[in-house]
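J.: Sharing a model prediction with you, sequence too.
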Amino acid sequence: MPPDIIWHVHDFQIDPSRPLYEQFVEQIRAMIAKGQLAPGTRLPSVRETAASLRVNPTTVMKAYQELERLRLTVTHRGQGTFVTDEAEAIARSRRELARTAVRRAEELAASIGLTLEELIALAQEEE
Amino acid sequence: MKPELNYAAPFAASTSSAELTIRCRGVGMSFKKKNVLHDVSFETEKGTIVGLLGPNGAGKSTLMRILTGLMEPSAGTVEVLGGKPSVETLGKLSFLPDRGQLPNWLTAEQWLGYASGIYPDWDRALERQWVRKLEVDASMRIATLSRGQEARLQLLTCLSRRAPLVILDEPFTGVDLLSRESISSAVAEEAAAGDRTFLIATHDIREMESLFDRIVLIGGGTIKGVYDTEALRANGLSVESCYREVFA
């Protein structure tokens, strides 16, 4: 059974000085959160992914295992890996992504001596 | 800043030898009075892709020849697939020599037919798969192939055998971008099965850095460092920046 999607090199932005497995997890997680990868989508196998992205297969396998641990994907023996149908798992992942984004924004605000609320208010002030 | 050594614990004796495909201990090689290799020690684990990186004249090709059993080291011990490199271990490994030449009076198809007769572990199904995926036109005479086409045919010759160890010496020399990409894609795909080990010497770090599990840096005939790539990256270093720091 062929996968529902095929990865292309340009689907991922890879920084060669950060662990690759982390970056695959982050980016696939974001695709699921955005709905770009719909529930039930069949993902390419580790072998297909390694070949199309030209990356180490062990790294891909680790990323897939982590996605499964996060309950964002499920593997059906002999059929492949699918994006979960469980809305709660996706909602939980979205919340975590939102919290991380807010934490980053707070750090950014703090770096210019503001709280996040002050930063937003200031940006919205009329001239 | 020098990268911290031992991310890969290269000389850890704890790894069980059953899982190792290559084990070099204090390997030295001298021609006349010239020391080409000295105290070379490293290991590769089964099912991994290992990059052998270093400047020209570092001793990479000599080391690869020792691993294939084509040369005997003057010092140290070498184990390949559980034995001393010999005719027997050579039969279990696939070697792509640097600037190797295929018989150019044959067509690719004739060459593959001939190769399938030489190598007892030749797999016709693998051959058909790689002819298709590497887009080799089997009807062409080898003499008329471009460098990229010839490199793909050489790789195809290596991958059509069920050899558990594949050693590639500079598979990219003079090879165009798209052929380089299809070669690294083929290596990634073959490694995914988990039963083959790849040792690859290359200068093309950018094309291959995402493929390696481990890099062995060799310079001036000796090992400058052995690193697991994901551990390097966890410390904020790319393979390329590590290479620069070690050899700059």
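T.: Perfect, thanks for sending it.
J.: Quick one: name the residues of chain B near chain A.
T.: Proximity of chain B to chain A, by CB under 8 Å from any CB of the partner chain, involves residues B:47-49, B:181, B:184-186, B:188-189, B:191-194, B:207, B:209-213, B:229-230, B:233-234, B:236-241. Glycine gets a C-beta too; all of them are placed from N, C-alpha and C.
J.: what about 7 Å?
T.: With the criterion set to CB under 7 Å from any CB of the partner chain, chain B comes near chain A through B:49, B:181, B:184-185, B:188-189, B:191-192, B:209-213, B:230, B:233-234, B:236-241.
J.: Just the buried residues of the residues you listed.
T.: Those of the residues of chain B next to chain A that meet the buried threshold are B:49, B:184-185, B:188-189, B:191-192, B:209-213, B:230, B:233, B:237-239, B:241, by 16 or more other CB atoms under 10 Å in any protein chain shown.
J.: Using neighbour counts, pick out the buried residues of stretch B:209-227.
T.: Applying a neighbour-count criterion of 16+ other CB under 10 Å, the buried positions in stretch B:209-227 are B:209-219, B:221-227.
J.: ranges for the strands of chain A?
T.: Listed in chain order, the strands found in chain A under DSSP state E are A:42-43, A:73-76, A:80-83.
J.: could those strands be laid out in TSV, adding mean pLDDT, distance to chain B and mean neighbour count?
T.: Compiled in TSV, the strands of chain A are given as follows (pLDDT from 0 to 100; distance: least, CB to the nearest CB, whole Å; neighbours: other CB atoms under 10 Å in any protein chain shown):
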stretch	mean pLDDT	distance to chain B	mean neighbour count
strand A:42-43	96	14	20
strand A:73-76	94	16	16
strand A:80-83	95	14	20
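J.: and stretch B:163-176, C-alpha only, in CSV?
T.: Taking Å, rounded to 0.1, in the frame of the first residue of the first chain, the C-alpha atoms of stretch B:163-176 are listed here in CSV:
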residue,chain,number,x,y,z
ALA,B,163,27.4,-8.1,1.1
PRO,B,164,27.0,-7.1,4.7
LEU,B,165,29.7,-4.5,4.5
VAL,B,166,30.0,-1.8,1.7
ILE,B,167,33.1,0.3,1.5
LEU,B,168,32.9,3.3,-0.8
ASP,B,169,36.1,5.3,-1.6
GLU,B,170,35.2,8.7,-2.9
PRO,B,171,31.9,7.8,-4.7
PHE,B,172,31.4,11.4,-5.7
THR,B,173,34.6,12.4,-7.5
GLY,B,174,33.7,14.2,-10.6
VAL,B,175,30.0,13.3,-10.2
ASP,B,176,27.2,15.8,-11.0
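J.: Tell me who's in contact with the residue nearest the centre of chain A.
T.: The C-alpha lying nearest the average C-alpha coordinate of chain A belongs to A:R29 (CA atoms, centre = their mean; 2.2 Å). A:R29 makes contacts with A:72, A:93, as judged by CB atoms under 7 Å, 6 or more residues apart in numbering or on different chains.
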